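Asker: Sequence and predicted model, in that order:
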Amino acid sequence: MRVLGSEVIFKIVTLFLVVIAVLAMFGKVTLPGKKRLQSARCPSCGRFKIGKGPCGCKLKGPRK
């Protein structure tokens, strides 16, 4: 039983498209903690805030 080159290419392309479709479905799924992560960002610079203090962009003077 001989397999033609065009059949192999068709199978590879089909498999590739199926994998891309599955990745697209997983990409549209929203993560449960997304809202909490967005609230942990600084509203002015967009960096993540660590701890309860102000963001680094709000502090006056150089930090060491």
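Answerer: Okay, I see it. Residues are numbered from 1 along each chain as shown.
Asker: where does Phe48 fall, phi/psi-wise?
Answerer: As for Phe48, its main-chain torsions (degrees, to the nearest 10) stand at phi -70, psi 140.
Asker: ok, which stretches of the protein are helices?
Answerer: For the chain, the helices defined by DSSP state H cover 5-28, 34-39.
Asker: Make JSON lines out of those and add distance to Gly56 and mean neighbour count.
Answerer: Where C-beta positions appear, they are placed from N, C-alpha and C, glycine not excepted. Conversion of those to JSON lines gives the following (distance: least, C-beta to C-beta, whole Å; neighbours: other C-beta atoms under 10 Å):
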{"stretch": "helix 5-28", "distance to Gly56": "31", "mean neighbour count": "9"}
{"stretch": "helix 34-39", "distance to Gly56": "18", "mean neighbour count": "9"}
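Asker: For those, give me CSV that also has mean pLDDT.
Answerer: Converted to CSV, the helices of the chain look like this (pLDDT from 0 to 100):
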stretch, mean pLDDT
helix 5-28, 92
helix 34-39, 70
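Asker: could you dump these to TSV with distance to Cys57?
Answerer: Below are these laid out as TSV (distance: least, C-beta to C-beta, whole Å):
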stretch	distance to Cys57
helix 5-28	31
helix 34-39	17
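Asker: Leu59 is nearest to which of the ones you listed?
Answerer: Among those, the nearest to Leu59 by C-beta to C-beta is helix 34-39 (20.5 Å).
Asker: right, and the helices of the chain - which one's nearest Gly53?
Answerer: Among the helices of the chain, helix 34-39 sits nearest to Gly53 (C-beta to C-beta), with 16.0 Å.
Asker: From Phe48, how far out is Ser39?
Answerer: Distance of Ser39 to Phe48, given as C-beta to C-beta, to the nearest Å: 11 Å.
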